[in-house]
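> predicted model follows, preceded by the sequence.
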Amino acid sequence: MNNLLSNTSHFNSTIAYLTAIIVSIANTVWAQDPISLDYNMVELREEFSEKNDYWPYLTTMENLYVPDKDEYFMHRRNKSAAYAIITDWKNNLSEFNILTTLKLGPSEDENQTIGVIFLVQRDGKGAVVFEFNKFKQYRIKQLVGSYYKFLSGDNESKGWVKSNALAGKNDYNVVDIRVQLPQVDIYVNDKFLQSFDVIDYTPGNMGFLIGPDTKAKSDYFYVYTTETGKQVAEEQMAAKEEDRSATEQLSKVRYELEQEKRSLKECQMERQKAVSVLEEEMGQLRQQNDRLALQNRQLQEFKNNVLVEVDEDVFLTLAENLKAEIIKNQKLESQVQVYKDSLKYTHEKYNKLKLALLDKAIKKAEKEKIERDRLESLETRKEIEKELEDKRMQAEQDEWEKKHPDDISTKDSSSNISPEAAAMIEEALEDFDTEPVSGSASPISSQEVSKKQIEARPLPIKVRQAQQKQD
């Protein structure tokens, strides 16, 4: 019994040893050698010292991405969806190395994430993402269509893998991504994490992928390549440019062919129209020939039935007379048409003459109205000036009256004399005028004559209001 147990234990140990050897051999067979290229040529060197055209500058309700103190500050305010910050620098390299630093900022949400997105395909249905969180976990995922496929971890952990290579919460992580399509190697803080292949991928753009409700910063973002990679990219670009030029040339040739085809089609349509016109004319000629043939038959019957006894010369004379009448009728019809055309032309000239006379009458009426308006304007202006002059003289009169109130009171008292007193004064003045004047018998003594000089004043002038005439 002990021997059996001993043999069984030995057998189990042997099986375990063989299994370990098989696993080791499998790992050796399936393990992928890391990329050993020398990425020594700088293609993009971004240190976020100032705003430029390569990186987006957003300040919206959901996104805040700005360069700040030689760092690229990122804040995703949306709490349900991540956001890809893609640089406008176009990547055409199949061999390249991304070297950048990233760290997460303070936040109440412990599930915030930040990472690098690269190999973004032109159709938007393919990309690779490396990201990490505050729990020293990283995740690699591949965009396939509209969904992500995890290249690290498993579905239960949603691709997250624990790694001591990641730094603490407030420290930068140096992310080193090396690509030699189809192989991709991921390093963090100079420590190798994972290597994998992306099949049927072409060079694509890159940038950052920030998670929902996340704050993060990046100190720099560098892209390197190899001499071979740069040469291959230039050759591919030249080939694409040639393809583009060839495509444009082909499009131009196609356009010219389409134009030629359209021109040929138009020529064909014109030819069909011409054929239709010719066929119509031929039909009319056939109808005319049929009518002439019918007339010939009728004439032949007339000749055979009526002119049997008529001499051939008489028949020819009658035929010539008929032909002359037909020609005469045609000429008369042509003259009638000429008269119609002449009458039409005369009618058109008459209408033009009427229009010209109407235009002339309208212009004359307009000139007369303008002259009448001008004269009325001058008259109104003169009345206004007269009214202003009267007002000015009235103002002078009022000013004079203010300066000489004594004369005004005298005038007022004289104006208040009753009619009987005025008659008596007038009679006394008449008697004074009829009596002889002598030096000793003067009716007014020298004491009664005032020696004060009275200043002459203007007489009041009635002010006439100017009335403005209306049209």
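Right, received. Where do you want to start?
> next, count neighbours for Phe196.
Neighbourhood size, Phe196 [other Cβ atoms under 10 Å]: 15. For every residue, glycine as well, the C-beta is placed using N, CA and C.
> the one 3 residues further on now?
By other Cβ under 10 Å, the residues close to Ile199 number 6.
> separation between it and Leu143?
Per Cβ to Cβ, to the nearest Å, Ile199 is found 14 Å from Leu143.
> swap in Gln121?
8 Å.
> list the residues that contact both of the two?
Ala127 (Cβ atoms under 8 Å, 6 or more residues apart in numbering).
> buried set for the longest strand along the chain?
Using DSSP state E to define each element, the chain has its longest strand at strand 214-225. Neighbour-count burial for strand 214-225 flags Thr214, Lys215, Ala216, Lys217, Ser218, Tyr220, Phe221, Tyr222, Val223, Tyr224, Thr225 (criterion: 16 or more other Cβ atoms under 10 Å).
> domain map for the protein?
Following automatic domain parsing, the chain resolves into domains at 41-225, 231-309.
> quote the end-to-end distance of the longest one.
Length of domain 41-225, first residue to last, Cα to Cα, to the nearest Å: 5 Å.
> average pLDDT for it?
Domain 41-225 shows an average pLDDT of 93 in the prediction.
> off-centre distance for that domain?
37 Å (Cα atoms, centre = their mean, to the nearest Å).
> I'd like the next helix or strand past whichever strand or helix holds Lys252.
Counting by DSSP states H and E, the element that carries Lys252 is helix 227-305. Per DSSP H and E, the first helix or strand lying C-terminal to helix 227-305 is helix 312-403.
> in stretch 163-179, which residues are buried?
In stretch 163-179, the ones that count as buried by 16+ other Cβ under 10 Å are Ser163, Ala165, Leu166, Ala167, Tyr172, Asn173, Val174, Val175, Asp176, Ile177, Arg178, Val179.
> same deal with stretch 283-302?
Buried, per 16+ other Cβ under 10 Å, within stretch 283-302: nothing.
> now do the nearest residue to Ser146 once chain neighbours are set aside against Gln183, distance only.
In this structure, Ser146 finds its nearest non-sequential neighbour in Lys125, 7.5 Å apart by Cβ to Cβ, 6 or more residues apart in numbering. Distance, Lys125 to Gln183, using Cβ to Cβ: 21 Å.
> more crowded one of those two?
Gln183 (15 against 11).
> now the more buried one: how far from Gln194?
11 Å.
> how about residues contacting stretch 218-236?
Residues contacting stretch 218-236 (Cβ under 8 Å, 6+ apart): 37-48, 70-72, 74, 87, 89, 91-102, 172, 203, 206, 208.
> swap that for stretch 179-194, sorry
So stretch 179-194 is contacted by 32, 34-35, 37, 94-98, 118-119, 128, 130, 132, 138, 140, 151-152, 163, 165-167, 173-178, 195-203 (Cβ under 8 Å, 6+ apart).
> got the buried residues of strand 214-225 as a markdown table, with distance to Glu235 columns?
Shown next, in a markdown table, are the buried residues of strand 214-225 (distance: Cβ to Cβ, whole Å):
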| residue | distance to Glu235 |
| --- | --- |
| Thr214 | 40 |
| Lys215 | 43 |
| Ala216 | 37 |
| Lys217 | 38 |
| Ser218 | 32 |
| Tyr220 | 30 |
| Phe221 | 26 |
| Tyr222 | 24 |
| Val223 | 19 |
| Tyr224 | 19 |
| Thr225 | 14 |
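> which pair of these spans the longest distance?
Maximum pairwise distance in the buried residues of strand 214-225, criterion Cβ to Cβ, is 31.7 Å, between Lys215 and Thr225.
> if we can go back for a sec, got the contact list for the residue nearest to Ser146?
So Lys125 contacts Leu143, Val144, Gly145, Ser146 (Cβ under 8 Å, 6+ apart).
> quick one: which of the residues you listed is most hemmed in?
Neighbour max across the contacts of Lys125 (other Cβ under 10 Å) = Leu143, 19 neighbours.
> pretty sure it contacts Leu119?
No. Between Leu143 and Leu119 there is no contact under Cβ atoms under 8 Å: 9.3 Å.
> mind listing what the closest residue to Trp55 other than its chain neighbours touches?
Distances taken as Cβ to Cβ, 6+ apart place Thr87 nearest to Trp55, at 5.7 Å, with adjacent residues excluded. Residues in contact with Thr87 (Cβ under 8 Å, 6+ apart) are Leu44, Glu46, Tyr54, Trp55, Asn205, Met206, Gly207, Phe221.
> swap the cut-off to 10 Å and go again
Neighbouring residues of Thr87 by Cβ atoms under 10 Å, 6 or more residues apart in numbering: 44, 46, 52-56, 205-208, 221, 223.
> ok, Asn164 next?
Lys136, Asn189, Lys191.
> any idea how far the first one is from Ile177?
In this case it means Lys136. Taking Cβ to Cβ, one finds Lys136 at 19 Å from Ile177.
> got it, and Gln32?
Gln32 is 15 Å from Ile177, by Cβ to Cβ.
> helix or strand for Gly168, which one?
Per DSSP H and E, there is no helix or strand for Gly168.
> quick revisit: got the contacts of Thr87 as CSV, with secondary structure columns?
Below are these laid out as CSV (DSSP: H, G, I helix; E, B strand; the rest coil):
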residue, secondary structure
Leu44, strand
Glu46, strand
Asn52, coil
Asp53, coil
Tyr54, coil
Trp55, coil
Pro56, coil
Asn205, strand
Met206, strand
Gly207, strand
Phe208, strand
Phe221, strand
Val223, strand
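> filter the residues you listed to the buried ones?
Using 16+ other Cβ under 10 Å, the buried ones in the contacts of Thr87 are Leu44, Glu46, Trp55, Asn205, Met206, Gly207, Phe208, Phe221, Val223.
> any idea how far Gln330 is from the closest residue to the last one other than its chain neighbours?
Leaving out its chain neighbours, the residue that sits closest to Val223 by Cβ to Cβ, 6+ apart is Leu44, at 3.9 Å. Applying Cβ to Cβ, one obtains 93 Å for the distance of Leu44 from Gln330.
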